[in-house]
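**Student:** sequence-free structure coming up:
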């Protein structure tokens, strides 16, 4: 799935426009749906604003930071991730059935959806384009260390690699390892160490020096 | 179906290109494609499984050369036509021609937050005991259905172990085709990397999938 765009014979009448064919195709679709009253234009704006500014990986970072700082919360997250994550108010579409998987010194977890783009929206927001792309979806299950190398991550040869292919409506959140030298940090400071990629397993949490 | 969506284990697509996490969209039309897909989905004419099937039935060459929001857009056009809400002539013209189908459940702006927060519960009551328990040895069926399935090709006919019992969930293979929920027990099944990829596989690798009971047989 490249950025290459096919020409489509259905839209020859748009030739000469500065917009790419797909942009015109989406515009046409929107016009039809609005004209027919099937979608509320104001709802479209709310949907975009929600996923552009409200629901993103900062939510997941708060879950991870709380799990690092609060042993009782970590236990609840292990026992019932959906309920533990809902305690922080992160619920709903594409996060209905959550599972938390924890990295340890022995084991590294990596999440993929080889069949489409399943991703835990309430905690991580919309998936990044690479997560939905053929290079990631094809290789994560057969060559996860190669994928990690693309992200600049090299793990010890003996580290066990656990790949989770999201083939059902269960959604996986990786709890990265807490960086050393962060004893006593509050949850807000810890959350600054938690990257989106670390919660997919494609990265590690930031070292404290990175945010000081 | 053995379509282009089933990518696990394919080769030749090149490296994964990461990007900063504050990048949400790459063009304005991507935002519109996202919003239209969610708003049209809220009309309630198709399930998430039917939506996935609409995308995976794109021609493989089209699927593989389209970005993900392009795939969503092309899938949405098919779904709208299949539901009788939009015609091919309208898509071609880029404007409404036929009168709208009345009685639609339109997602209003002030209902968006509640609808997103509610999500969809895919769990169903447990009508019969689970066939498998954690630790059981199982083998995935070697089946190649022409319709929708969530058992990836790389994990068919493979020996694994039940790692987790999730409960009873809607079966996509049925739901995608409007044949009802047909709920089944859902499990996480863990495979050794060498079982999937042969003796040269990374010896530290295990891969898990979520598999419905009908995808599995006892060993």
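**Tutor:** In hand now; what should we look at? Because the structure is a prediction, the values reported are computed rather than measured.
**Student:** any idea which element residue B:63 lies in?
**Tutor:** Secondary structure here is read from DSSP states H and E; on that basis residue B:63 sits in helix B:60-64.
**Student:** which strands and helices sit next to that helix?
**Tutor:** Under the contact criterion of 3 or more CB pairs under 8 Å, 6 or more residues apart in numbering or on different chains; DSSP states H and E, helix B:60-64 touches no helix or strand at all. Placement of C-beta: from N, CA and C, glycine included.
**Student:** Quick check: residue A:64 vs residue A:121, distance?
**Tutor:** Going from residue A:64 to residue A:121 by CB to CB, to the nearest Å gives 16 Å.
**Student:** hmm, I was thinking of residue B:47
**Tutor:** Going from residue B:47 to residue A:121 by CB to CB gives 17 Å.
**Student:** repeat for residue B:199
**Tutor:** Distance from residue B:199 to residue A:121, counting by CB to CB: 39 Å.
**Student:** Could you pull out the helices in the chain for me?
**Tutor:** Picking chain A for this. Using DSSP state H, the helices of chain A run over A:21-35, A:41-49, A:57-69, A:71-79, A:81-86, A:121-124, A:134-139, A:144-150, A:187-191, A:196-200.
**Student:** please go with chain B instead
**Tutor:** Counting by DSSP H, the helices of chain B are B:28-41, B:48-56, B:60-64, B:68-82, B:88-93, B:112-118, B:172-175, B:193-197.
**Student:** so where is chain A shaky, pLDDT-wise?
**Tutor:** Applying pLDDT under 70 to chain A picks out residues A:1-17.
**Student:** domains for it, by residue range?
**Tutor:** According to the domain assignment given by automatic domain parsing, chain A is divided into the following structural domains: A:12-53, A:56-210.
**Student:** what's the span of the last one from first residue to last?
**Tutor:** Using CA to CA, to the nearest Å, the span of domain A:56-210 from its first residue to its last is 21 Å.
**Student:** how far away is the residue nearest the centre of chain B from residue B:186?
**Tutor:** Centroid-nearest residue in chain B, with CA atoms, centre = their mean: residue B:52, separated by 4.5 Å. Distance of residue B:52 to residue B:186, computed by CB to CB: 16 Å.
**Student:** about what we covered before: and residue B:122, which of the helices of chain A is closest to it?
**Tutor:** With CB to CB as the measure, helix A:81-86 is the member of these nearest residue B:122 (11.9 Å).
**Student:** How much space separates residue B:202 from chain A?
**Tutor:** Relative to chain A, residue B:202 is positioned 6 Å away (CB to the nearest CB, to the nearest Å).
**Student:** What residues does that residue make contact with?
**Tutor:** If you count contacts by CB atoms under 8 Å, 6 or more residues apart in numbering or on different chains, residue B:202 has them with A:143, A:144, A:145, A:161, B:193.
**Student:** distance of it from residue A:159?
**Tutor:** Residue B:202 sits 10 Å away from residue A:159, going by CB to CB.
**Student:** Look up the closest residue to residue A:116, ignoring the ones flanking it.
**Tutor:** What sits nearest to residue A:116 in space, not counting adjacent residues and going by CB to CB, 6 or more residues apart in numbering or on different chains, is residue B:52, at 5.5 Å.
**Student:** I'd assumed residue B:172 was in contact with that neighbour.
**Tutor:** Yes. Taking contacts as CB atoms under 8 Å, residue B:52 lies within contact range of residue B:172: 7.4 Å.
**Student:** Residue B:47 and residue A:121: who's more crowded?
**Tutor:** For residue B:47 versus residue A:121, neighbours defined as other CB atoms under 10 Å in any protein chain shown are more numerous around residue A:121 (22 against 19).
**Student:** Which residues are in contact with the more buried one?
**Tutor:** A:51, A:55, A:92, A:93, A:94, A:95.
**Student:** tell me the contacts of residue A:112?
**Tutor:** Listed by CB under 8 Å, 6+ apart, the contact set of residue A:112 reads A:131, A:136, A:137, A:140, A:141, A:163, A:164, A:165, A:166, B:8.
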